[in-house]
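Engineer: Sharing a model prediction with you, sequence too.
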Amino acid sequence: MTTVSYRTFTGTAAENYERHFVPKIATPVSATLLETAALRAGERVLDVACGTGVIARLAAERVGPSGTVTGLDLSPEMIDHARGVSPPTVEWHVGDAESLPFADGAFDVVLCQMGLMFMQDRPAAVAEMRRVTAAGGRVVVNTPGVEPAGFTLMGQALVEHIDAELGGFVHAVFSMHDPEEVGSLLGNAGLVDVTAATPSATLHLGAPAEFLWQYINLTPMAPFVAQASATAQEAMERQVVESWRPFTRDGTMSIDLPVVVGSGRR
């Protein structure tokens, strides 16, 4: 089986990402990222690993018509969808965070939401973010904090009923939960005035079975789960929904997700 990775991200997942991940997860966790970035009118902003562009769109509102916003993602599908749902003033690029296609000092602020943990060479990616940041500019990133129990239980069910490698993807999402690790990455790249904190965001995820399939179908796990037998899928769903009962009230599930927010200045 091929390693589950956003480098092989295909299908309708970008549409699902915009429909479900953006309102339920990406928008709630963006608040502290944007607060830390403190964007100002007229600034030049780069959104690395932009997905379908939620951060780029929010940044465009803050920098106004005198500013510029650029979004970059590894997935052509994500960029195509971002173009279709974003203002025409945002510029989009398909590219790798570890080799950014921009000049030195091209941006006042570089943002990266929920992407750093998936990058194969994280030090190289952060070094590139610093390189394209102007003197005195800021780099602000966030990553999921410690893995919530509900996601651990989902990973177990995927391993038991679908494929062991899918559990690895679930855990990889939370692989940069240590603020000291995030701060060290920023500092080792040459950024100064580095800070790293772990605020929390409340996520309202909806009905357990509905959210389970929404989450699977907006990730690269979707085609691998689809290849499993109906019996295996049903057993996985039953196990997850039952294990999520402690987090469910009145038929809907909510969790408090710790989010690591790191920042530094060029």
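Structural biologist: It's in.
Engineer: Quick check: Asp47 touching Arg57?
Structural biologist: No: Asp47 is not in contact with Arg57 according to Cβ atoms under 8 Å; the separation is 9.1 Å. In this view, the C-beta of every residue, glycine as well, is placed from N, C-alpha and C.
Engineer: More neighbours: which of the two?
Structural biologist: Between Asp47 and Arg57, counted using other Cβ atoms under 10 Å, the more crowded position is Asp47 (29 against 19).
Engineer: In contact with that one, which residues?
Structural biologist: For Asp47, the contact set (Cβ atoms under 8 Å, 6 or more residues apart in numbering) comprises 53, 55-56, 59, 69-72, 111-113.
Engineer: May I have the secondary structure class of it?
Structural biologist: With DSSP: H, G, I helix; E, B strand; the rest coil as the basis, Asp47 sits in strand.
Engineer: The contacts of Asp47 into CSV, with extra columns for neighbour count?
Structural biologist: Formatted as CSV, these follow (neighbours: other Cβ atoms under 10 Å):
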residue, neighbour count
Gly53, 28
Ile55, 29
Ala56, 27
Ala59, 28
Val69, 30
Thr70, 21
Gly71, 29
Leu72, 25
Leu111, 31
Cys112, 25
Gln113, 25
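Engineer: Helices of the stretch 151-266 of the chain, start to end?
Structural biologist: For the stretch 151-266 of the chain, helices defined by DSSP state H, counting those that start in this stretch occupy the ranges 164-173, 179-188, 208-217, 222-226, 230-243.
Engineer: which helices and strands does the last one pack with?
Structural biologist: The elements that helix 230-243 packs onto, with contact taken as 3 or more Cβ pairs under 8 Å, 6 or more residues apart in numbering; DSSP states H and E, are helix 149-161, helix 208-217.
Engineer: circling back to that earlier point, who wins for proximity to Gly264 among the helices of the stretch 151-266 of the chain?
Structural biologist: Of all those, helix 179-188 sits nearest to Gly264, with 4.1 Å by Cβ to Cβ.
Engineer: Show me what counts as buried in that closest one.
Structural biologist: Buried positions in helix 179-188, judged by neighbour count with 16 or more other Cβ atoms under 10 Å: 179, 182-187.
Engineer: any chance of these in a markdown table, plus pLDDT and distance to Lys24?
Structural biologist: Shown next, in a markdown table, are the buried residues of helix 179-188 (pLDDT from 0 to 100; distance: Cβ to Cβ, whole Å):
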| residue | pLDDT | distance to Lys24 |
| --- | --- | --- |
| Pro179 | 98 | 24 |
| Val182 | 98 | 23 |
| Gly183 | 98 | 28 |
| Ser184 | 98 | 31 |
| Leu185 | 98 | 27 |
| Leu186 | 98 | 28 |
| Gly187 | 98 | 33 |
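Engineer: which among those residues gets closest to Ile25?
Structural biologist: Closest to Ile25, out of all of the buried residues of helix 179-188 and judged by Cβ to Cβ, is Val182, at 18.6 Å.
Engineer: how far away is the residue lying closest to that closest one once chain neighbours are set aside from Gln156?
Structural biologist: The spatial neighbour of Val182 that comes closest, neighbours along the chain excluded (Cβ to Cβ, 6 or more residues apart in numbering), is Gly262 at 4.0 Å. According to Cβ to Cβ, to the nearest Å, Gly262 stands 30 Å off from Gln156.
Engineer: Please say which of these two ends up with more neighbours.
Structural biologist: Applying other Cβ under 10 Å to Gly262 and Gln156 shows that Gly262 carries more neighbours, namely 30 against 16.
Engineer: Is it correct that the more buried one is in contact with Asn188?
Structural biologist: No: using Cβ under 8 Å, Gly262 is not in contact with Asn188, being 12.0 Å away.
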